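make a model of this:
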Amino acid sequence: MNEAPALLALDRIEEALARIEAAARPARTDGEADLRRRHDDLKACVARSLAELDELLAERGRG
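The predicted structure follows:
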């Protein structure tokens, strides 16, 4: 039984998988950057909301 064609096919599959993984890395990095930006935006928004809430509670405590 000649295994050469099967081994060649496996080599081509492994090479294709390596190319796919390499191509997917930048997309993952871009997605991570977008996720980081969205996280930072949300964090800033929550911080502003909490600051406003603190101010309202402080005013109510003085009044």
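
tell me the mean pLDDT over the helix or strand hosting residue 21?
Residue 21 is part of helix 4-62, with elements assigned from DSSP states H and E. Model confidence over helix 4-62, given as mean pLDDT, is 91.

packing partners of that helix?
In terms of contacts (3 or more Cβ pairs under 8 Å, 6 or more residues apart in numbering; DSSP states H and E), helix 4-62 is packed against no helix or strand at all. The way it works is simple: take the backbone N, C-alpha and C, and place the C-beta from them, glycine included.

and the gap between residue 19 and residue 12?
To residue 12, residue 19 is 11 Å away according to Cβ to Cβ, to the nearest Å.

and residue 9, how many neighbours does it have?
When neighbours are defined as other Cβ atoms under 10 Å, residue 9 has 10 of them.

residue contacts, it?
With contacts taken as Cβ atoms under 8 Å, 6 or more residues apart in numbering, residue 9 has no neighbouring residues.

how close does it sit to residue 20?
Between residue 9 and residue 20 the computed distance is 16 Å (Cβ to Cβ).

ditto for residue 30
Distance, residue 30 to residue 20, using Cβ to Cβ: 16 Å.

cool, residue 60 as well?
Taken as Cβ to Cβ, the span from residue 60 to residue 20 is 59 Å.

same question for residue 45.
Taking Cβ to Cβ as the criterion, residue 45 is separated from residue 20 by 37 Å.
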